[in-house]
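Undergrad: Structure, please.
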Amino acid sequence: MSSLHRRARHRDLLVPVRVRTARLDTVLADCNHEDLRLALWIDVAGKAFEAIEGARGLFPRVHLLHVEVETEPCIGWEQKLFSHVQTLLAHSGFVLLATDQTHDKSQFNALFIRRDLKFAMHLRI
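TA: Next comes the predicted model:
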């Protein structure tokens, strides 16, 4: 049940806990090796859009993004959904490669790949 979203259901069972957060591109700022390639696995209970926004500084080095997404606000009423995540990543140079469920499911995993990778790299992935 943990999430940075306030859950609408079972509110009486939940106790808010403050946690410190940081942007991924800030945390990994020292990883500036020119040949560094990254793959990110993002499963953040309804905050995928925000986590991806916080990694934008890493995008030149990110080749793959595996992200858990929702198509309806099942975790928090104000959460961003798959369509928002897909648009953000498309504007950042990524294309959807595969999902583990059809897009009519409320939650699934999506795999995005950099659009500008060489075709040989696409095949290897």
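Undergrad: show me where pLDDT drops low in this structure?
TA: Applying pLDDT under 70 to the chain picks out residues 1-14, 32, 122.
Undergrad: hey, where'd the helices end up in it?
TA: For the chain, the helices defined by DSSP state H cover 24-27, 48-53, 82-91, 119-124.
Undergrad: Tell me which of those sits most buried.
TA: Greatest average neighbour count among the helices of the chain goes to helix 48-53 (a mean of 20), per mean count of other CB atoms under 10 Å. The way it works is simple: take the backbone N, C-alpha and C, and place the C-beta from them, glycine included.
Undergrad: quick one on the thing from earlier: any chance of the helices of the chain in TSV with distance to Glu34 as columns?
TA: Listed next are the helices of the chain as TSV, based on distance: least, CB to CB, whole Å:
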stretch	distance to Glu34
helix 24-27	17
helix 48-53	23
helix 82-91	23
helix 119-124	17
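Undergrad: list the contacts for the closest residue to His103 other than its chain neighbours?
TA: Closest residue to His103 apart from its sequence neighbours, by CB to CB, 6 or more residues apart in numbering: Thr71 at 6.5 Å. Applying CB atoms under 8 Å, 6 or more residues apart in numbering, we find Thr71 in contact with Leu81, Phe82, Ser83, His103, Asp104, Lys105, Ser106, Gln107, Phe108.
Undergrad: Tell me how far Thr71 lies from Thr99.
TA: 11 Å (CB to CB, to the nearest Å).
Undergrad: Touching both of the two, which residues are there?
TA: Jointly contacting Thr71 and Thr99 under the rule CB under 8 Å, 6+ apart are Phe108.
Undergrad: okay, now Gly93: neighbour count?
TA: Each residue near Gly93 was counted by other CB atoms under 10 Å, and the total is 15.
Undergrad: All good on my end, thank you.
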